[in-house]
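*Asks:* A structural model of the following input is requested.
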Amino acid sequence: MRLLFLGDVMGRAGRAAVTEHLGRLREAWRLDFVVVNGENASNGAGLSADHARLLLDAGADVVTLGDHAFDQRDMMQFIETEPRIIRPVNFAKNAPGRGFGVFEATQGRKVLVTQVLGQVFMKRAFEDPFSQIEAVLKAHPRGGMVQASLVDVHCEATSEKMAMGHWCDGRASVVVGTHTHVATADAMILPKGTAYQTDAGMCGDYDSVIGMDKEEPMRRFITGMGKGRFQPAAGEATLSGLYVETDDRTGKATRIEMVRHGGRLVQAGPAPV
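*Replies:* Purely as a prediction, here's the structure:
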């Protein structure tokens, strides 16, 4: 199966890049399933129902959220009616929506998608991510109930993401990090067949400070004082993410490549086949 994961969509620029490019990439790369992290798609703070629909209509099969899952209040109701939106599995017990789902890819194949929040350096304490993920993966063995499984690890600390990758090795097809908006250069297949990258980066304008217009973050770093609100950078965005091929019988990853498409970064992606 050919899977594409796109990192945090950042504001209007990120949304525009997804709507402009994803449909063509699905066709050119013959993608079977696409997951997009959309938690910063609405002005850099959460995801609105309208913008969720836009990402799904653009070609995402599933949209994951993160620690800003419900910054846009209408998501509280929308997520209850749209199963293709996945919030963190270890969010508050009474949070609306679901932390995982099994979805249909091409040829009737099944894909598990789940997301978990880290604990290190995050603003609030969430439930233990390792035990929460273990329960989900145990109930949905790759190569058995599902042909592939993807875990979105929404964390601040690279060490916590790496630990989660090794914890899931042999049980998930893909473990990919989000949240920091800076792509890491460590895409690899772990010893037991799990594709892993510490952070997928963002779908946004990289002439910025992690997707925000440079002026206000730089002022705060330099002077310690704020003057205005953070605003997403509005230049041409780069689609950043991860391309993975998996074996349907075992659920193991057989190929992994970082994706950089458009914008300011060097363009890369899977070679034509």
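
*Asks:* which ones are touching residue 29?
*Replies:* 2, 4, 243, 269-270 (Cβ atoms under 8 Å, 6 or more residues apart in numbering). All C-beta spots, glycine's among them, are computed from the backbone N, C-alpha and C.

*Asks:* now swap in residue 87 and tell me
*Replies:* Applying Cβ under 8 Å, 6+ apart, the residues near residue 87 are 64-65, 69-70, 79, 95-99, 115.

*Asks:* rerun that using 10 Å as the cut-off
*Replies:* Remark: with contacts taken as Cβ atoms under 10 Å, 6 or more residues apart in numbering, residue 87 is in contact with 39, 64-67, 69-70, 75, 79, 95-100, 115, 117.

*Asks:* what separation do you get for it and residue 186?
*Replies:* 27 Å (Cβ to Cβ, to the nearest Å).

*Asks:* before we move on, back to that, please indicate which of the contacts of residue 87 are buried?
*Replies:* With neighbours counted by 16 or more other Cβ atoms under 10 Å, the contacts of residue 87 contain buried members at 39, 64-67, 69-70, 75, 79, 95-97, 99-100, 115, 117.

*Asks:* next step: the residues you listed restricted to strands.
*Replies:* 64, 100, 115, 117 (DSSP state E).

*Asks:* with distance to residue 253 and pLDDT added, can I get these in a markdown table?
*Replies:* Converted to a markdown table, those look like this (distance: Cβ to Cβ, whole Å; pLDDT from 0 to 100):
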| residue | distance to residue 253 | pLDDT |
| --- | --- | --- |
| 64 | 19 | 98 |
| 100 | 19 | 98 |
| 115 | 19 | 98 |
| 117 | 23 | 94 |
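
*Asks:* which residues does the residue nearest the centre of the chain bridge with?
*Replies:* Note on the chain: the residue nearest the mean C-alpha position is residue 37, at 3.5 Å, using Cα atoms, centre = their mean. Beta-bridge partners recorded for residue 37 (DSSP bridges): residue 64.

*Asks:* for residue 44, which residues are in contact?
*Replies:* 8-12, 14, 68, 71, 204, 210-213, 229-233.

*Asks:* let's see which of the residues you listed end up in strands.
*Replies:* If you go by DSSP E, the contacts of residue 44 have 8-9 in strands.

*Asks:* state the number of residues packed around residue 139.
*Replies:* Residue 139: 11 surrounding residues under other Cβ atoms under 10 Å.

*Asks:* what of residue 76?
*Replies:* 14.

*Asks:* wouldn't it be in contact with residue 95 here?
*Replies:* Yes: the pair residue 76 / residue 95 is scored as a contact, 8.8 Å apart, by Cβ atoms under 10 Å.
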